[in-house]
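Enquirer: Please work out how this folds:
(one chain, ligands or ions: 5)
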Amino acid sequence: TETEADILRGVEENLFEPSFQPITCLASGQIIGFEALMRLNHPEKGLIPPGEFIAVAEETKWIDHAGRQLFSKALSGLCALSRKRGDDRLHITVNLSPVQLTPDKVAFMERELAAYGIDASRLTVEITEAVFMEDNDRISESLRRLKEMGCRIALDDFGTGYSSLAYLTRFHVDTIKIDQTFTKGLTHSDPALAARSRRLIEGIVAIARKMDCTMVAEGVEDEEQSLQVLTIGVQYGQGYLFAPPLPLHEALKRV
Ligand code: G
Ligand code: G
Ligand code: G
Ligand code: NA
Ligand code: MN
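Expert: Numbering: from 1, shown residues only. Ligands and ions are numbered 1, 2, ... in the order given. Modelled structure (predicted):
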């Protein structure tokens, strides 16, 4: 198919690269890190978003090559961003799907962190609960090793999947990313629905505190949502209010 051809070309020509979306401290407005989101930078078609190729890349296992290209560029981007800011505490966050969680990949990540001189504690690995549905030794071992290295683990899209709560008992999660549907619910035109969204986020915050997790509200699009999640107790926010995913040269202007 056309998608497969694009992916293959991306793998061969090193066309996979990150966009950088800021993660902001809601109280201070300071950018504390960036999520690296994958794009296929096609010479003729321009930046292709992951929705158009991730599923196919995962089926064909090309995701492993794409993920390695993304990871190296995410780390070199982090170095540039840190240099610009004059601050070596900026974080980077990457998404890993179940097929990407292999001992081989983790060893690669460890080597790359060392090569770029980046402390593993500055790397957060985002996983969705799909990771836990394939409950096998390869995945548990890879996650265990990432933790051992000092990386942080974030649970992405929290609260939208199947029994996410159980996963908090099965693995030490450092960060809960509150799904954007809940953030948007806060400003729903129906006040009763908005109130229920607020109470739900209050509940998530209570759980996160009990489990010693920091929280990131996803999909923050306006000041009202930002203020509300901060008031409820969420420390960090991500969304169009702060910035969309940005190419590196744009991200560099924001730090
Ligand atoms: O709160 P804690 O001590 O766990 O965090 C230490 C530092 O790590 C924070 O000051 C912040 O800069 C960063 N941090 C905490 N949580 C996150 C997170 O979810 N994502 C990112 N990128 N950085 C985080
Ligand atoms: O970047 P967008 O802004 O379009 O991202 C869409 C989805 O693609 C995200 O929800 C995320 O789960 C997935 N995604 C983005 N980058 C990566 C990546 O590097 N690896 C994997 N496995 N998924 C990614
Ligand atoms: O990894 P994850 O599935 O959470 O990816 C986040 C997705 O949400 C990406 O596709 C990103 O482009 C998108 N996104 C980021 N901020 C916003 C926002 O404020 N509003 C909306 N609607 N989407 C956002
Ligand atoms: Na994510
Ligand atoms: Mn998410």
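Enquirer: and the top strand by length along the chain, is it in reach of ligand 5?
Expert: Scanning the chain for the strand with the most residues, using DSSP state E, yields strand 31-42. No - judged by Cβ under 5 Å from the ion, strand 31-42 stays clear of ligand 5, getting no closer than 8.4 Å. All C-beta spots, glycine's among them, are computed from the backbone N, C-alpha and C.
Enquirer: Please tell me how far that strand is from the chain's geometric centre.
Expert: From the chain centre to the centre of strand 31-42 is a distance of 9 Å (Cα atoms, centre = their mean, to the nearest Å).
Enquirer: do the same with stretch 55-65
Expert: Here stretch 55-65 is found 18 Å from its chain centre; the criterion is Cα atoms, centre = their mean.
Enquirer: Kindly report the same for stretch 189-205.
Expert: Computed by Cα atoms, centre = their mean, the separation of stretch 189-205 from the middle of its chain amounts to 24 Å.
Enquirer: In it, which residues are buried?
Expert: For stretch 189-205, the neighbour count (16 or more other Cβ atoms under 10 Å) marks Ala194, Ser197, Arg198, Ile201, Ile204, Val205 as buried.
Enquirer: circling back: can you list the strands that the longest strand of the chain pairs with?
Expert: Here strand 31-42 has these sheet partners by DSSP bridges: strand 16-25 (antiparallel), strand 46-48 (antiparallel), strand 91-95 (parallel).
Enquirer: What residue in the stretch 151-255 of the chain comes nearest to ligand 3?
Expert: Taking Cβ to the nearest ligand atom as the measure, the point where the stretch 151-255 of the chain comes nearest ligand 3 is Gly239, at 3.1 Å.
Enquirer: residue contacts, that residue?
Expert: If you count contacts by Cβ atoms under 8 Å, 6 or more residues apart in numbering, Gly239 has them with Gln180, Thr183, Ala217, Glu218, Gly219, Val220, Glu221, Gln225.
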